[in-house]
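J.: Give me the fold of what follows.
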Amino acid sequence: MNKVKAYLIDLGHKILNVGIVSTDEGVRRRHRFTNMVLIVTAFNAFHHLIINGLHDFWALLPVNFYNFGMIICALSLVFMHRYGEFLAAVLLACFIFFGNSFVVMAFGLNSDLQIYFTLAGAFIFMVGVQNTHVYLPLLGAGLMALIGVYYFASDEGFLMVGDQAFRRELALQAYVNAILINCLLIFYALSSLYKAEQALALEYQRSEKLLTTILPVPIAERLKAAPKERIADRVEDATILFADLVGFTRASHNVPPEDVVAYLDDLFTTFDGLCENYSVDKIKTIGDGYLAVGGLHDAGGARAIGFLALDMIEQMNNRSFLGLDTLSLRIGIHRGPVTAGIIGDQRMTYDVWGSSVNCAARLEAQSLPSRIHCSEAFVAAVQDTFQFTNLDVTELAYI
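T.: As a prediction, this is how the structure comes out:
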């Protein structure tokens, strides 16, 4: 059953997309709606052709010719999209207005076939609300056709005059068909709107996720709340961590590029997860270097950076090989004031600056492999949490 349903849905999509060549999704959506109206118009004409033929084919021959011609025209107009964005919709409107005027003149106002003119409002879905310069003339033409038949058509028309039962039957068909067509058009329009809203919501979620990926969540929230306001903060008590892979440059020359990228992606993704666990802001990667800062948005950043550094060393020890070379991680940590903010427009970045950042970078450069080199300012803040061997090149450990 699911396969049959999937097949029918796929078939329906293919039918609605016949003749559509535009790559603009907005235009394609309007053309799909136009195709659906063309199909409904052809089906409605076919329905009347059958009913009229069964009632009295030869007496109703002029109208039968009209219905047959409408079927051919409606099905042919799907191939007009390539020649103009609104061509199929405009030609369909002309066929319907002139054709239905002829039918009303033939059967008279008592047939109530003029109700089909009320479907002129649906042309807004075929041309789009942004194209009122196309829609208003079509709507005006429909109103003029309706007014015209009321002024010039007789009550009985000129075909099968006196057959009131047949006219009541035509009126019933017209009302039922008009209701069903309106329901179908509204359903399809609302379904298209719902799908568009779902796609928009999905894109919004993706953009939100992307924004919080490249920026810390508090900064992303500030940016959304005031997109034109410059974000620049002075943080007096931040803790800066610099980490660098020892031996990476030499090792990267001996392995394929995809292996190098895969190694860094796996390692830095793990570091990103650790930063999230400890509520530390990962600022950026610089080649094989990694910069993270704690305490930018709340207190307790120094201890979080200490635990982060220990876990980074442990993670590095579990994946030390790149090809045949052994890599290690060295880390520098300093605590002090920094300036933080967003720079750039097209490719914005959240970064930190100041002498404290430079100090952490120098500590990392002077560190030893698999060790964490810490400044006195950092040690003073966390000495009740971690054990230090000395104040030069040290290893952190839990108390």
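J.: Secondary structure of Thr339: a helix, I assume?
T.: No. Per DSSP: H, G, I helix; E, B strand; the rest coil, Thr339 lies outside any helix segment and is strand.
J.: can you pull the contacts of the nearest residue in space to it that is not next to it in sequence?
T.: Nearest non-adjacent residue to Thr339, counting by C-beta to C-beta, 6 or more residues apart in numbering: Trp353, 4.9 Å away. Placement of C-beta: from N, CA and C, glycine included. Going by C-beta atoms under 8 Å, 6 or more residues apart in numbering, Trp353 touches Val338, Thr339, Ala340.
J.: now those: which count as buried?
T.: Taking 16 or more other C-beta atoms under 10 Å as the criterion, what is buried in the contacts of Trp353 is Val338, Ala340.
J.: can you list the contacts of Trp353 in JSON lines and add pLDDT and distance to Phe378?
T.: Formatted as JSON lines, the contacts of Trp353 follow (pLDDT from 0 to 100; distance: C-beta to C-beta, whole Å):
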{"residue": "Val338", "pLDDT": "94", "distance to Phe378": "13"}
{"residue": "Thr339", "pLDDT": "94", "distance to Phe378": "19"}
{"residue": "Ala340", "pLDDT": "92", "distance to Phe378": "18"}
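J.: so for stretch 154-167, what's the average pLDDT?
T.: For stretch 154-167, mean pLDDT rounds to 90.
J.: which outside residues touch it?
T.: So stretch 154-167 is contacted by 55-56, 59-60, 62-63, 104-111 (C-beta under 8 Å, 6+ apart).
J.: residues contacting Thr249?
T.: Asp288.
J.: quick one: which helix or strand includes it?
T.: helix 248-252 (DSSP states H and E).
J.: What is the helix or strand just after that helix packed up against?
T.: Following helix 248-252 in sequence order, the next helix or strand is helix 257-277 (DSSP H and E). For helix 257-277, the elements it packs on are strand 281-286, strand 289-294, helix 301-317, strand 321-322, judged by 3 or more C-beta pairs under 8 Å, 6 or more residues apart in numbering; DSSP states H and E.
J.: Check which helices and strands the host helix or strand of Arg29 sits against.
T.: Secondary structure from DSSP H and E places Arg29 in helix 25-56. Here helix 25-56 touches helix 2-16, helix 61-76, helix 87-107, helix 123-127, helix 164-214, going by 3+ C-beta pairs under 8 Å, 6+ apart.
J.: looking at the ones you listed, which is buried most?
T.: helix 123-127 (a mean of 23; mean count of other C-beta atoms under 10 Å).
J.: pLDDT averaged over it, what's the number?
T.: 90.
J.: which residues touch that helix?
T.: With C-beta under 8 Å, 6+ apart, helix 123-127 has contacts from 30, 33-34, 37, 86, 89, 92-93, 134-135, 138-139, 142, 185, 189.
J.: Tell me the one among these nearest to Ala361.
T.: Relative to Ala361, the closest of the contacts of helix 123-127 is Arg30; by C-beta to C-beta it sits at 57.0 Å.
J.: Return the residues in contact with the closest one.
T.: Glu85, Ala89, Phe125, Met126, Val127, Gly128.
J.: Show me which pair in those is furthest apart.
T.: Greatest spatial distance in the contacts of Arg30: Glu85 and Phe125, 14.0 Å, computed using C-beta to C-beta.
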